[in-house]
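A.B. asks: let's see this in three dimensions:
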Amino acid sequence: MGAALPAFVPIKWVDASKHLDFPVSLALAPDGSMVVVSRFGDAVWDFHPYIPQECLSLSHKSIDWHVLLPDGRRLTDPEHAALLHSAKAFVWSLFADPVEGRRRPTMSTLTTRAKVLLFLLRWMVGRGLVRFADLAGQTQAYAQAVRNSRGAPASATTIRQRLQILEDLYLQRDKLDDGLGTHPWPGESLASLVGSKGGAHKYQPATEPIPERIAAELAQIATDYVRNRASKILGARDAKEAALEQKRNAGFGRDTLKLTRAALVREWGYENAYKLTTDLGRLRMACYIVIAMFSGMRESEVMSLPEDCVARRLSRDGSCEVVWLHGTIYKTGIRAKAWQVPEVVAEAVGVLRNLTAHLSQALREEVLELRRRIQLAIGPEKTRLVGRLSIAERHQNKLFLSKYPNGQNVISVLSASSVYNDLKRFCVDHKICGDDGAPYPLHSHQFRRSYARFMAQAELGDLLTLRDHFGHWSLDMTVYYADGASEGYVADTELLEMVATEKQTRQRQILRDYLDSDAPLANGSAWLGQWRTNVRTAASKEALIAEYAGSITLNGTGHSWCVGNARGTGCGGLCVFEAPMCVECRYGIIGPEHRPVWEGIRDQQYEALALNDMGVSGRARTQRILDAAETVLRRLDGEEP
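C.D. replies: The predicted structure follows:
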């Protein structure tokens, strides 16, 4: 079952007697017939057939015109009928006949624009304005009002969106019976009113990554659930359900079932059934954390994953098996997408399949029942059933399912708000706290930014940190850039850009630490010394550091930084295995952060020399490595130039 697009006609051009019944949302029934989901006159415009993101709740897929206004009335009350009609006509015009030069917005964008419009409607009612045409002469006052949001300064994005509504009322004036006849701010641009510069700009991350200490805790706890705790939790659930089913089949009543449930969960170490249910919820969230942390997927993409999303293939060079997740990407269009992931993600998918198998089966049974009932239904009941069938069909094979106790026990994909609350509860339950000692306010958006940082660290060679904090991270993950998923699957170019940005940020940080310091170097001082001098005398220190950072590409070996491999010069990467090669290399940098590694190399050589069965050649090699390590340590102490 799919959706059908309504007529692209502004309501102004529709006969007034047909306004209320004009379809704004349509769906196709299983037999191919068209069903009207929402009409222009409805108090709620339901756009669920057109908004595929499974993690969005129905409230985010609709426009609810029951808006509470400053006069205590609602927009749908008779007193505001004219303003309601004007608001609906304006919103519909943005879809039916978009502003000249713009693409037709998606229904998701349309619902967002309607929510922004609510600010204007409330402001108008507060000033006694009943038509958009009455805004003439009031626009400057509105431009001041938009700068506050619930008593606090509004963000530049919010200000821009609120002001854009007014401009669009002017630009759409010929398509409306009630529009803005004159430009809201003649001679001024939207950018100047907002107070920000327009035009293209480079990617600037708005979301902070998860701090490494907290990410490490999350990874360890979540993977422990997937690999160790899952068997007990799922075992307890299965044993409980089997025992209850046996009692039901034997005809026992509610009281016996309750006693059976309580006794069985205690056998599995749970105080009561609620504790088991809580653990099942934690297990689901642990699977989410593992998938999001080690894939870089957006929340909507994680929720798009079907039961059979895991695929395994050899890399192009045949050297290793690569694990892929197949799902859907929604940004800039709905397309199939594959993400390369480490093995632990495939394990999390397997746990989820077990966790939600009974819900998937229940949805498949519901789909069959809905199809049967639709054949007999008419009118609003048929519309309701077709709407539910549309959701059930899309959700029946998804991984992240939940039963919502809203009186009907509806099964659907986990909503974004549920993920938001469950992530915070996960941190509370496992005492994952920020530096202030409070439970860390984890948000789903942070996983994508954190993944980009992890990948940047892997490319830069911060491998010891990744290995220590994220034991399931593999060096093979860098195949992501070269191997490709498969034909027919798009690349996540935004994620690659985020990785590149994170890498540049980290590279600038490394160079800043070197150029701001007088600490001795074991290698690299010949050219970094001149850069240090230049930075100290520069008019703009940060600009010069950024310029220097952009002129090189750092790669980490664990015992040094290398600026030669990316240019195809130097040793070609052999220094990863032969640390002494970096000591005198013109492309190497060895600084204070490498001291522990070189101390470890030195101590290993002392231990090797103490062995009695080492041959002459082995002893000579060990002595050479020892000499190199001691040279590095003396230079770092400033005892040798």
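A.B. asks: and for the closest residue in space to E640 that isn't next to it in sequence, the neighbour number?
C.D. replies: Closest residue in space to E640, ignoring its immediate chain neighbours: R634 at 4.2 Å, by C-beta to C-beta, 6 or more residues apart in numbering. C-beta: built from backbone N, CA, C; applies to glycine. For R634, the count of nearby residues is 14 (other C-beta atoms under 10 Å).
A.B. asks: before we move on, what about S57?
C.D. replies: Residues near S57, counting by other C-beta under 10 Å: 15.
A.B. asks: looking at it, it is touching A416, isn't it?
C.D. replies: Yes: the criterion here is C-beta atoms under 8 Å, and S57 meets it with A416 at 7.3 Å.
A.B. asks: before we move on, the earlier item: how near is the residue nearest to E640 to A543?
C.D. replies: According to C-beta to C-beta, to the nearest Å, R634 and A543 sit 35 Å apart.
A.B. asks: next: E208.
C.D. replies: 24 Å.
A.B. asks: domain parsing for the protein?
C.D. replies: Following automatic domain parsing, the chain resolves into domains at 3-194, 212-455, 519-528+553-641.
A.B. asks: make CSV out of the ones you listed and add distance to R508 and mean pLDDT.
C.D. replies: Output for the domains of the chain, formatted as CSV (distance: least, C-beta to C-beta, whole Å; pLDDT from 0 to 100):
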stretch, distance to R508, mean pLDDT
domain 3-194, 25, 90
domain 212-455, 14, 90
domain 519-528+553-641, 10, 84
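A.B. asks: these: which one's closest to V535?
C.D. replies: domain 519-528+553-641 (10.0 Å; C-beta to C-beta).
A.B. asks: now do the closest one: distance from first to last residue.
C.D. replies: From its first residue to its last, domain 519-528+553-641 covers 12 Å (C-alpha to C-alpha, to the nearest Å).
A.B. asks: so who does the spatially most central residue of the chain touch?
C.D. replies: With distances taken as C-alpha atoms, centre = their mean, the residue of the chain nearest its centroid is R298 (3.1 Å). R298 makes contact with I329, Y330, K331, R448 under the criterion C-beta atoms under 8 Å, 6 or more residues apart in numbering.
A.B. asks: farthest-apart pair in those residues, please.
C.D. replies: Y330 and R448 (13.8 Å).
A.B. asks: how near is E547 to E366?
C.D. replies: Counting by C-beta to C-beta - E547 and E366 are separated by 62 Å.
A.B. asks: between these two, point out the one with more neighbours.
C.D. replies: Neighbours per residue (other C-beta under 10 Å) separate E547 from E366, with E366 holding more: 19 against 12.
A.B. asks: ok, and for the helix ranked longest in the chain, which residues are buried?
C.D. replies: If each helix of the chain is counted by residues according to DSSP state H, the longest one is helix 343-374. Across helix 343-374, burial judged by 16 or more other C-beta atoms under 10 Å covers 344-349, 351-353, 355-356, 359-360, 362-363, 366-367, 370-371, 374.
A.B. asks: mind giving me the packing neighbours of it?
C.D. replies: helix 230-249, helix 273-293, strand 310-314, strand 321-329, helix 379-395, strand 401-404, strand 410-413 (3 or more C-beta pairs under 8 Å, 6 or more residues apart in numbering; DSSP states H and E).
A.B. asks: just so I know, which of the ones you listed lies nearest C575?
C.D. replies: Using C-beta to C-beta, the nearest of the helices and strands packed on helix 343-374 to C575 is strand 321-329, at 27.5 Å.
A.B. asks: wait, doesn't L399 sit right on E307?
C.D. replies: Yes: between L399 and E307 there is a contact under C-beta under 8 Å: 6.1 Å.
A.B. asks: neighbour count for these two, which is higher?
C.D. replies: L399 (27 against 16).
A.B. asks: so how far is M297 from that one?
C.D. replies: Distance from L399 to M297, by C-beta to C-beta: 12 Å.
A.B. asks: and for L193?
C.D. replies: For L193, the distance to M297 - C-beta to C-beta - is 37 Å.
A.B. asks: out of the domains of the chain, flag the one nearest Q504.
C.D. replies: Per C-beta to C-beta, nearest to Q504 of these: domain 519-528+553-641, 9.8 Å.
A.B. asks: excluding covalently adjacent residues, which one is nearest to P592?
C.D. replies: Closest to P592 by C-beta to C-beta, 6+ apart is A519, at 5.3 Å.
A.B. asks: quick one: secondary structure of that neighbour?
C.D. replies: coil (DSSP: H, G, I helix; E, B strand; the rest coil).
A.B. asks: what helix or strand is Q161 on?
C.D. replies: Element membership for Q161, per DSSP states H and E: helix 156-171.
A.B. asks: in whatever helix or strand comes next after that helix, what's buried?
C.D. replies: Downstream of helix 156-171, the next assigned helix or strand under DSSP H and E is helix 190-194. Judged by neighbour count using 16+ other C-beta under 10 Å, the buried positions of helix 190-194 are L190, L193, V194.
A.B. asks: and S295, what is it in contact with?
C.D. replies: Contacts of S295 by C-beta under 8 Å, 6+ apart are V302, L325, W339, V341, V345, Y451.
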